[in-house]
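Asker: below is the sequence, then the predicted model.
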Amino acid sequence: MNSNTYTGLLDKLYEHGEDPDIRNFLSYLELFSLKVYMTEGIYYADADPDLFYGIFKDKASPPLLNYLVIRKKELTEGFSEDAGLIISFPEVYDRVEAWGKFMADHPDHSLRNDAMGLYEMYLSTLITGMDNSRIFDFKQEKLNPEIKSLYENIMKDGKDSLSRKIITDYYTFLSKNDFRYNDSIATFLDKYQLSTMLAVQPPTR
């Protein structure tokens with residue numbers, strides 16, 4: 001393909017104009033199962049969320065199919081933008097539980113490490129928030145009431161899951177300091193081999 005074919009195409013994308021060149025370009029990317037996304041005002045190409053599911057759905061083992069179904073949903077919804085969530089905190093918890101169940105159902109699967117990485121990222125987000133999705137307010141450094149309510153609902157849901165136990169432990173830990181941010185949170189994270197999602201660039205999807 002001639003590299004000059006799409007000269008100025010990015011300018012047209014940023015202008016959000018309807019243009020035959022843009023439609024042709026996007027159709028060309030689709031031939032390779034790529035789509036155009038934007039993060040922090042910059043366009044980039046990435047795999048279609050349906051790519052691997054579409055290839056393997058009729059050939060995959062039950063554990064692999066389970067993995068592909070979960071990831072397809074996550075990739076379609078996205079995760080963060082400019083260090084802020086584009087899904088809700090309850091939805092983050094749903095992801096924690098989904099990966100926790102995957103690991104419980106398939107403890108010896110080769111994708112367990114991938115699942116664990118996603119599980120820890122979502123659980124860490126639930127505990128620390130992100131730079132632009134804070135769980136403690138800036139002025140009083142006190143736990144956001146909506147997050148406090150979410151933790152309480154998690155504690156009441158009766159699930160016998162590790163994530164519920166960790167959130168319960170965290171709630172108890174915060175209650176001893178009037179639900180205010182404190183430096184000992186880092187020690188709590190270490191206890192469960194988690195890490196803060198503050199001052200990092202989370203994945204967009």
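Answerer: Okay, I see it.

Asker: C-alpha from now on. contacts and neighbour counts both.
Answerer: Noted.

Asker: for Y151, see how far away the spatially most central residue of the chain is.
Answerer: Against the mean C-alpha coordinate of the chain, by Cα atoms, centre = their mean, the closest residue is F79 at 3.8 Å. In this structure, F79 lies at 20 Å from Y151, with Cα to Cα, to the nearest Å as the measure.

Asker: on that earlier part again, per-residue confidence, the residue nearest to the centre of the chain, what does it come out as?
Answerer: F79 carries a pLDDT value of 95.

Asker: my guess is it contacts S88. True?
Answerer: No. Taking contact to mean Cα atoms under 8 Å, the distance of 9.4 Å between F79 and S88 leaves them out of contact.

Asker: on that earlier part again, for the residue nearest to the centre of the chain, what are its contacts?
Answerer: Shown in contact with F79 (Cα atoms under 8 Å, 6 or more residues apart in numbering): L85, I86, I87, P203, T204, R205.

Asker: now intersect these with the strands, please.
Answerer: Secondary-structure check on the contacts of F79 using DSSP state E: residues within strands are L85.

Asker: specify the next element, helix or strand, located C-terminal of the host helix or strand of E152.
Answerer: Assessed by DSSP states H and E, E152 sits inside helix 145-156. Next helix or strand after helix 145-156 toward the C-terminus (DSSP H and E): helix 162-175.

Asker: what about the helix or strand that that following helix is followed by, average pLDDT?
Answerer: Read in the C-terminal direction, the helix or strand following helix 162-175 is helix 185-191, with elements assigned using DSSP H and E. Confidence over helix 185-191 (mean pLDDT, whole number) is 96.

Asker: name the residues of helix 185-191 that are buried.
Answerer: By neighbour count with 16 or more other Cα atoms under 10 Å, helix 185-191 contains the buried residues I185, F188, L189.

Asker: specify which member of these is nearest to H106.
Answerer: L189 (25.4 Å; Cα to Cα).

Asker: burial check on the nearest residue to that closest one once chain neighbours are set aside, number of neighbours?
Answerer: If the residues on either side of it in the chain are set aside, L189 comes closest to S195, at 5.9 Å by Cα to Cα, 6 or more residues apart in numbering. A count of neighbours around S195, defined by other Cα atoms under 10 Å, yields 18.

Asker: fine, thanks again, bye for now.
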